[in-house]
Every structure is written in structure tokens, then in C-alpha cells.
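Trainee: here's my sequence, what's the structure:
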Amino acid sequence: MSNVAELPTKDTITLIINRDNVDKVTYVFKNRYGNKIGEYLNKSPATLSSQSNVARQFKQIVNPKGDLKPRQVNNQFGELKQLLQLNYENELSVIEQEIADKKQAEQEKDSNKLKEAIRKLQSLSCPLIYIGSLVEWFTAGERNNIMYAFTVYAGQVILKNPVSVICLGEASSGKSHIQETALRLIPKRFVVNEKKITEAALFNRAKKDRYFYDGMIVNYGDMGGSNDHEFMEESKNLMKELQSDGFLNKPLNIPDGEGGWDVKDLELEGKPCLTYTTVPNHYFDDQEMSRSIFITPRMDNQKIFNRRKSALEFKHGKSYKILKQYEKEAELIPYMLLHLKEIFENTVVINPYVHFVIDFLKNSSFYKRDFDKFNGLLKTITALNYYNHEVYDVDGKKVVLTNIADVQLFMSLLRPYKESISANLAPKAVEVLNDIRNNIEDWKLSKDREVLNMGITTNDYFTLQNLGLSKASSRKYMYELADKGFLQVTDQSGRSNIYDLAKSEVESISYDLKHMDDSVYADICYEIGQWVVDIMKEDKFIEGLSIMNFDSDIRKPIWIGKKP
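Mentor: From the prediction side, this is the model:
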């Protein structure tokens, strides 16, 4: 199908997509003789309103005398929009494929970079700390969140562990920065940007290759608070179904290009994962909750953000030059993942410390749902640390065992989200809870209001908070904390509830990697053999090991409080 749509009058509309900004589309109208009668710049076809410049030109062509009923003309325009959208998506698919093919060819041809990446990976005492130290230069206080997203993305590339990454935050809170910085470290061939995708476009993908999305990270961009993305919701739901089941088969009505419709079967196979950003009040169904991790940007990092911006303002200054050096160095990370992916095509990760994942989730109401997700995350950390592990032969298969250092990195990575995971709270709700815990007594003393002696209302919290939340979000999270028993209603002020802290608190992280229960060893010995127990007994706990440590070969940026 071309990018030209023919109208009943034999006039035509040609779509021209701006390759630098695919949201910008030029609509060129020509009459039956090929003469241009109109040209308009607008957004993608699916977002065109009945009052747009394109719609007005269409109405002028099909209803020049104005004798047709408005509803009839609008229906015709609606059908045209769907046909134009399919044309748009086909053309966009070609553009994206050209870009992807070019990037893939560049990666595959650059064997020197791959060799350099392998040498670097083999030399690192802890790849995750090295990567995190580089990330510290690319951000202002969001290292942990970016590393969380990166590790999940890396799991899809290396181990085909499809867990979605969803960044929740207020407008301009930095959620896209977290996602985009993490994706920069992933091989481009594993990322599919579907920011303007519909069911019809999915059919088009499937027609070319039913495994098109298998093993891919499907990026839906920003889906929060924008009507432009409402038409994508159904295709996203289909992608979630594919992620969960590994196959998708659904009949769709597809424009036939001649003003009619054909019923076609959409058939896809494979295991993609999704990533997108959205606002805190976005609704997630159980299917998405079970296959996703949720990341929330920090709202307390304004000082470090300002200091970083000030330091990098000097384009010839020390910090700027070092940043450019490390940006170049970070270009090796996607090649490291490509190398590890090849290794783990024929290597299996076994986690003998699986009981720590069980303990980590033991207070969660959804531990059955979350176990595979977080055990897979720990295995990804093991895979990234491949060159710090022995490779064993077990029944003819290569096996790498998770060790104590991997578990320590796992626990430190998830420390900010422990309470959220255990109590099934939104990550930002935990920040609100800690904000209240840390400040409520001072708030009570600082205000000469009787209501604050008994607690705070949602409006009080919105005024006093340190997180920069909107009033709607403040209300949402306080209601959530009350519903889960972390806040309790102590009184009423007019029509508003007064909340105070309840006694309910999630158990803090506590784990002892230095001493193992004999029953754990007995079970492992029974299942796989004494040799694993012997290895575990020789395994050493590393004092102070954390994913937030700094690599000794990476200089610390000035904005984290240390001079480079």
C-alpha cells in the first residue's frame, strides 16, 4: 500500500512524514488531473479532529455544495482517517526499519568495538558498579532508578526475561529521562519504538514477520495525560496479551484500500516486554501488574540537579570534558550485552539462593505473582557478572551459579522499593509515607492549628509536603496509604478526614548472607548435589557491597558532593 489515498471524487491525498519528527505530517491534496489544490501540516491521521485543516479541505472536496448531512460527511472523514492512518503506519514502518537496519549494520560491522567491549567486560571486578558509576555522570541523583530499569531491560536482551518497565511521575518529573538514559545502554536492535501504533499496524508487522516482537523491548513513549495516545490503548493491550501468553490470534477489520474493509487474522508469536511513562493515576490491570516493575522519579534532588546543570554549562570545563569521555566509554555497554546474549544462548543460570527472593517477598500479598519477576532480575545480575563466576558442566549443560555478591547487589538495587513491593504500594506512596513519618511531628508543632495536633488532612499534606506532588496525586497517595493501613482517620475537619500515622509498618529488609540454615543446604543437596553446597559454603559475604558503590577507575562527578 502506498502513501497515497484516493477519494471518491478521484482526488488524492499524499502523506509526507517528517523523518526528523514523525509526529509532523504534511497532507498534500491533488485533483484528478494531478494538480495540487491544498497542502497542510498537521499531526498523525488518527489524531486529526473533524475541525482540522485536513478535515475542512476534505469536506470542501466531497461536499462542495453543502447539501450532505454533517454526520454523513464526518463518517466519511472517519473512514478516511483510518485508511490514512494505515498508510501513515506503513510509511513509518519503512522509515523505522531503514533506521534500524542502518544501526544494526553499523553495530555488526564494528567488530573492533565488540572486541573492545569484551576485553573491558572481562577486566571489571563488578560490571554493574562500573555501569552505575558511568550513569552517575548522565544524571542528577537518579542512578538507582536508571540501573533498575537498565537491569530489567538487560534481562530481556541476555536471558529473554520479558518484564515491563513503567515510569510513573508527575509532568516534568524526569520519568522520561530515566527511561531514555537506561535505553541508551541497550542494543538498538532490541528496542522497537511504537509511539504511533494501532491494531492495523500490528497486523502489518505480523504480516511481514509473526515473530517481529519476540525478545524485543517495545517502547510506547509517554502515555500519560495525552489524548494522542488513546487510540493506542487497544494495541497496547494486545501486546500485553502477547507478553503473557507468547502468542496472539485475533480477527481485525483492516481497510482494503478501496473504501471497504476486510476481516484478517492478526497472528503474532514471541515474548516482548513493554516500556512507557505515565502519570500516577494511570490504571493498571492485574495482567500488567504481574509482568511489570514500576519506577518513580525522585522529587528531592533539585539541588543536585541544579549543581549538575551549573557544572556542565561550561562547555570547555573539566566536568563537561569528563562527561564526554564517559559518554564515549558507555557506547561499549550495548556490545557487552550482545556478547553476553551470545554466551547465554547455551548457558543456564541457577540460583541456589532462591530462598532469599522468597524472604524478600514474604510480606507481599502478591508474592506468587512477583516471584518469577524478581528471581529473573537476580539471575540477570548473575549474567552481567558472568566473568566473575565459574562455569560448571551439569549433565552436559553449561551452568553458572548465583553467588552471595549477586544477592547483595540485588538487595541493594531494590532497597528503595522494598516497602512498595512488600505492601503492594505505589513507589511514590512509600515516599509520601516516609515524608509523613519524617515530618509529621514537626508539622504539628510548626502550625498553630488544632487539627494538626490530631493529624493532617489531604489539603494540609499538599501544602506541607516535600515531594512536589500535585493536589490530585497527594490525595490519591494518602487514600492509598489509608486503605493499606499505614494511615488512620483520627477525626474530621469539616468534610475532610484527618489522618495520622497508624502502627502498621512493613518489616524492614533483614537478611543474613553470612549464615545459612542447614535445611536450605539439605534441600539443595537433595535437588542438585553436595557439590553446590560445598561451593556455597566457600562463598564469601562482601562487607559494604552495594550497587551504589563507585568504580575505582571512574572519577566522581562534582555534583554528588565529591571533587573529581
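
Trainee: helices along the stretch 401-550 of the chain, start to end?
Mentor: Secondary structure of the stretch 401-550 of the chain (DSSP state H, counting those that start in this stretch): helices at 404-414, 418-423, 427-446, 450-454, 458-464, 471-483, 518-527, 530-538.

Trainee: how about these in TSV, adding distance to Lys236?
Mentor: Yep, even glycine has a C-beta here, placed from its N, CA and C like the rest. Compiled in TSV, the helices of the stretch 401-550 of the chain are given as follows (distance: least, CB to CB, whole Å):
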stretch	distance to Lys236
helix 404-414	26
helix 418-423	23
helix 427-446	21
helix 450-454	43
helix 458-464	31
helix 471-483	22
helix 518-527	40
helix 530-538	42
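
Trainee: save those as TSV, and put in distance to Val394 and mean neighbour count too.
Mentor: Output for the helices of the stretch 401-550 of the chain, formatted as TSV (distance: least, CB to CB, whole Å; neighbours: other CB atoms under 10 Å):
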stretch	distance to Val394	mean neighbour count
helix 404-414	18	22
helix 418-423	31	22
helix 427-446	38	18
helix 450-454	62	15
helix 458-464	55	18
helix 471-483	46	19
helix 518-527	12	13
helix 530-538	9	14
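
Trainee: wait, which of those helices is closest to Ile217?
Mentor: The closest of the helices of the stretch 401-550 of the chain to Ile217 is helix 404-414. By CB to CB, the value is 18.9 Å.

Trainee: just put the helices of the stretch 401-550 of the chain in CSV and tack on mean pLDDT and distance to Lys59.
Mentor: Output for the helices of the stretch 401-550 of the chain, formatted as CSV (pLDDT from 0 to 100; distance: least, CB to CB, whole Å):
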stretch, mean pLDDT, distance to Lys59
helix 404-414, 94, 56
helix 418-423, 73, 52
helix 427-446, 81, 46
helix 450-454, 61, 58
helix 458-464, 88, 47
helix 471-483, 87, 39
helix 518-527, 89, 71
helix 530-538, 92, 73
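
Trainee: Ser49: how many residues sit nearby?
Mentor: Neighbours of Ser49 under the rule other CB atoms under 10 Å: 13.

Trainee: mind checking the SS state of Phe294?
Mentor: When classified by DSSP: H, G, I helix; E, B strand; the rest coil, Phe294 comes out as strand.

Trainee: residue contacts, it?
Mentor: Contacts for Phe294 (CB atoms under 8 Å, 6 or more residues apart in numbering) come out as 166-168, 420, 426-427.

Trainee: try it again at 7 Å.
Mentor: Remark: with contacts taken as CB atoms under 7 Å, 6 or more residues apart in numbering, Phe294 is in contact with 166, 168, 426-427.

Trainee: now do the contacts for the closest residue to Ala383 other than its chain neighbours.
Mentor: Nearest residue to Ala383, sequence neighbours excluded (CB to CB, 6 or more residues apart in numbering): Ile158, at 4.9 Å. Counting by CB under 7 Å, 6+ apart, Ile158 touches 337, 340-341, 344, 380, 383.

Trainee: may I ask which helix or strand encompasses Ile158?
Mentor: Using DSSP states H and E, Ile158 sits within helix 143-159.

Trainee: about what we covered before: secondary structure and pLDDT for the contacts of Ile158 - can I get that in CSV?
Mentor: Converted to CSV, those look like this (DSSP: H, G, I helix; E, B strand; the rest coil; pLDDT from 0 to 100):
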residue, secondary structure, pLDDT
Leu337, helix, 97
Leu340, helix, 97
Lys341, helix, 97
Phe344, coil, 97
Thr380, helix, 98
Ala383, helix, 98
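
Trainee: of these, closest to Arg555?
Mentor: Distance ranking of the contacts of Ile158 against Arg555, using CB to CB, places Leu337 first at 24.3 Å.

Trainee: wait, isn't the closest one in contact with Val157?
Mentor: Yes. With contact defined as CB atoms under 7 Å, Leu337 reaches Val157; the gap is 4.9 Å.

Trainee: joint contacts of the two?
Mentor: Listed as contacting both Leu337 and Val157 by CB under 7 Å, 6+ apart are 186-187.

Trainee: out of the helices of the stretch 401-550 of the chain, nearest to Ala46?
Mentor: When the helices of the stretch 401-550 of the chain are compared (using CB to CB), the closest one is helix 471-483, at 27.7 Å.

Trainee: okay, the closest one in PDB with CA atoms only?
Mentor: Extracted in PDB, the C-alpha atoms of helix 471-483 (Å, rounded to 0.1, in the frame of the first residue of the first chain):
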ATOM      1  CA  LYS A 471      -3.100  18.100  44.800                       C
ATOM      2  CA  ALA A 472      -4.700  15.200  43.000                       C
ATOM      3  CA  SER A 473      -1.600  13.000  43.500                       C
ATOM      4  CA  SER A 474      -1.300  13.900  47.100                       C
ATOM      5  CA  ARG A 475      -4.900  12.900  47.700                       C
ATOM      6  CA  LYS A 476      -4.500   9.700  45.800                       C
ATOM      7  CA  TYR A 477      -1.500   8.500  47.700                       C
ATOM      8  CA  MET A 478      -2.900   9.400  51.100                       C
ATOM      9  CA  TYR A 479      -6.100   7.500  50.300                       C
ATOM     10  CA  GLU A 480      -3.900   4.500  49.200                       C
ATOM     11  CA  LEU A 481      -1.900   4.600  52.500                       C
ATOM     12  CA  ALA A 482      -5.100   4.800  54.500                       C
ATOM     13  CA  ASP A 483      -6.600   1.900  52.500                       C
END
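
Trainee: what residues does it touch?
Mentor: Residues outside helix 471-483 that contact it (CB under 7 Å, 6+ apart) are 170, 280-281, 425-426, 428-429, 432-433, 458, 461-462, 465, 487-489, 499.

Trainee: sorry, back to before: average pLDDT for the helix holding Ile158?
Mentor: If you average the pLDDT over helix 143-159, you get 97.

Trainee: quick check: strands, which of the contacts of Phe294 are part of them?
Mentor: Counting by DSSP state E, these place 166, 168 in strands.

Trainee: closest one of the contacts of Phe294 to Asp523?
Mentor: Nearest to Asp523 among those: Pro427, at 33.4 Å, using CB to CB.

Trainee: my guess is the closest one contacts Glu419, does it?
Mentor: No. The criterion here is CB under 7 Å, and Pro427 misses it with Glu419 at 8.9 Å.

Trainee: where does the stretch 251-400 of the chain dip in pLDDT?
Mentor: By pLDDT under 70, the low-scoring segments of the stretch 251-400 of the chain are 254-260, 280-283, 363-365.

Trainee: could you rerun that using 90?
Mentor: 251-268, 277-294, 296-303, 305, 313-317, 355-371, 395 (pLDDT under 90).

Trainee: can you give me the strands for it?
Mentor: In the stretch 251-400 of the chain, the strands defined using DSSP state E, counting those that start in this stretch lie at 261-269, 273-278, 292-295, 347-350, 392-394, 397-401.
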